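A.B. asks: 3D model of this:
(one chain, ligands or ions: 1)
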Amino acid sequence: MDSVRHLICGAGISGLATAAFGKEKDLLVLEKDLEIGGYCKTVKQDGFTWDYSGHFFHFKHKDIEAWLRARMPGQRIRDVQKKSTISYKGKQIDFPFQKNIHQLPQDEFIECLVDVYFARTRTDGTAPPPEKNFKEMLYARFGRGIAERFLIPYNEKLYAVDLAELDRDAMGRFFPHADLNDIIRNMRTADNASYNAAFTYPEGGAIEYVKALASEVETSRICLGEELQSIDLRARVAKTNKREIHFERLVSSMPLPALLRAANLAHDAAAFSWNKVLVFNLGFDKKGPKDVHWIYYPDRARSFYRIGFYDNIFDADRLSLYVELGYKHGAPVNVEEAKQKVLRDLRAEGVITDHKLVSSHSVVMDPAYVHITQKSIAETARLGRILNAHGVYSIGRYGGWTYCSIEDNIVEAQRLVADFDA
Ligand SMILES: Cc1cc2nc3c(=O)[nH]c(=O)nc-3n(C[C@H](O)[C@H](O)[C@H](O)COP(=O)(O)OP(=O)(O)OC[C@H]3O[C@@H](n4cnc5c(N)ncnc54)[C@H](O)[C@@H]3O)c2cc1C
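C.D. replies: Numbering: from 1, shown residues only. This is a model prediction of the structure:
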């Protein structure tokens, strides 16, 4: 039987960051795919560069960004001021909706303003009741007008779930909160800054950040096409499709429910639900709308919830889009039918006119957004403690069953290996 001190499952951002930043070099990275990258893979086709889904980067830790850039020689990285809008009843409104209600027709503006005011200002002197879930949080903080025009339909299209099932803080720092002062102030001086108001993007695509991490890992240590299939927690032995490996520590970035099944660990499977996202990357023969990077679509009649414009990041002269459609996990997906509907919807929205589609690619990300609920939070924490006691650490967006960015994945991996090395 092979034996390593650190066995790492997954050669995405989390797994490779664990391998790159740890002092322990007696390690193996198992990756079931034939390529590294996980969800940060990049597709290059017919002169277009696309990711699995639009991956734009916004680093808060400048040291991490500098570390990565130092390992990307010759790679031009674009710094972009994000411009995002919302398609609402045939008009474009600046994102986030809650800070731009003054751009609505006057009657709708007044309704949203009155609703948000009275949602937050209690006239009877009592304390507001606690918000029990995400939907209640939206009503309580933004009122019916804003919630029902944008926040609820948009997020239900994305998450493909009743928002009352999600935890109040299901989106964490990724939710663009705004209080009454922000909303009123924004009417005169636009400040639509959100968590990713400015972003960077390497010309070679998201995979360039993955390659930077992989450059610090000996190639022979990354085992492509090797899937972790079961784990004997007591014996600390992992079984793959190729062999058995004894480990001292196992760091896994595979989705937590799959890890629990592999480890045969009793758990409440109903605590874990998620959506999947069908992504179309579409290349056209000529330019489309300029000066926009993201458009959000709350209209339930439109198949997609958001589209992004690579050509406006790259200053390219041909429209290059990614289009995201949310589905319930387990729902059937007819890719060809969905593509035809996407093209019709893009035309109806005026994004394309007589454009000719010259290249296309699609991928289903499953899981894409995990449903963070009270139950999932408690079960993830409880199971994490049991796994840790057996030298197993479940990390990353899906191992940690959370909502995060690649920078968060790197920070988490750095902290974990710092604990190991301490
Ligand atoms: C729609 C969407 C848009 C996003 N946009 C952004 C963005 O703009 N900016 C940003 O910073 N982040 C974004 N993210 C988040 C980002 O993609 C993730 O945080 C990051 O890719 C997660 O990396 P990971 O290594 O934790 O997981 P993954 O990328 O899922 O990697 C896990 C790896 O484990 C492998 N694996 C799974 N099971 C096994 C097994 N049994 N044996 C061996 N290998 C296995 C998989 O093949 C995969 O390679 C987005 C995510 C989504 C879904």
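A.B. asks: Next, count neighbours for residue 165.
C.D. replies: Neighbours of residue 165 under the rule other CB atoms under 10 Å: 17. All C-beta spots, glycine's among them, are computed from the backbone N, C-alpha and C.
A.B. asks: got it, and residue 60?
C.D. replies: Using other CB under 10 Å as the criterion, residue 60 is surrounded by 12 other residues.
A.B. asks: Under a three-state scheme, what state does the nearest residue to it once chain neighbours are set aside occupy?
C.D. replies: By the measure of CB to CB, 6 or more residues apart in numbering, the closest residue to residue 60 outside its immediate chain neighbours is residue 407, 6.6 Å from it. Here residue 407 is recorded as helix under DSSP: H, G, I helix; E, B strand; the rest coil.
A.B. asks: One more: residue 307?
C.D. replies: Reducing the assignment to helix, strand or coil with three-state DSSP, the entry for residue 307 is strand.
A.B. asks: From what I see, it and residue 324 are in contact.
C.D. replies: Yes. Distance between residue 307 and residue 324: 7.2 Å, which falls inside the contact criterion (CB atoms under 8 Å).
A.B. asks: okay, the two: which has more neighbours?
C.D. replies: Higher neighbour count among residue 307 and residue 324: residue 307, with 26 against 21, using other CB under 10 Å.
A.B. asks: What is the burial count for the nearest residue to residue 76 once chain neighbours are set aside?
C.D. replies: In space, not counting the residues next to it along the chain, residue 76 is nearest to residue 203; the distance is 4.6 Å by CB to CB, 6+ apart. The local packing count at residue 203 equals 13, with neighbours defined by other CB under 10 Å.
A.B. asks: From residue 37, how far out is residue 203?
C.D. replies: Residue 203 sits 17 Å away from residue 37, going by CB to CB, to the nearest Å.
A.B. asks: got the contact list for the nearest residue to residue 46 once chain neighbours are set aside?
C.D. replies: Across the structure, with CB to CB, 6+ apart as the measure, the residue nearest residue 46 apart from its sequence neighbours is residue 359 (3.8 Å). Applying CB atoms under 8 Å, 6 or more residues apart in numbering, we find residue 359 in contact with 45-48, 282-283.
A.B. asks: Including secondary structure, neighbour count and distance to residue 75, could these go into TSV?
C.D. replies: Formatted as TSV, the entries for the contacts of residue 359 read as follows, by DSSP: H, G, I helix; E, B strand; the rest coil; neighbours: other CB atoms under 10 Å; distance: CB to CB, whole Å:
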residue	secondary structure	neighbour count	distance to residue 75
45	strand	13	19
46	coil	10	21
47	coil	11	18
48	strand	23	18
282	strand	26	25
283	strand	24	22
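A.B. asks: If you count contacts, what does the host helix or strand of residue 187 end up packed against?
C.D. replies: In the assignment (DSSP states H and E), residue 187 maps to helix 180-188. Taking 3 or more CB pairs under 8 Å, 6 or more residues apart in numbering; DSSP states H and E as the contact definition, the neighbouring helices and strands of helix 180-188 are helix 106-120.
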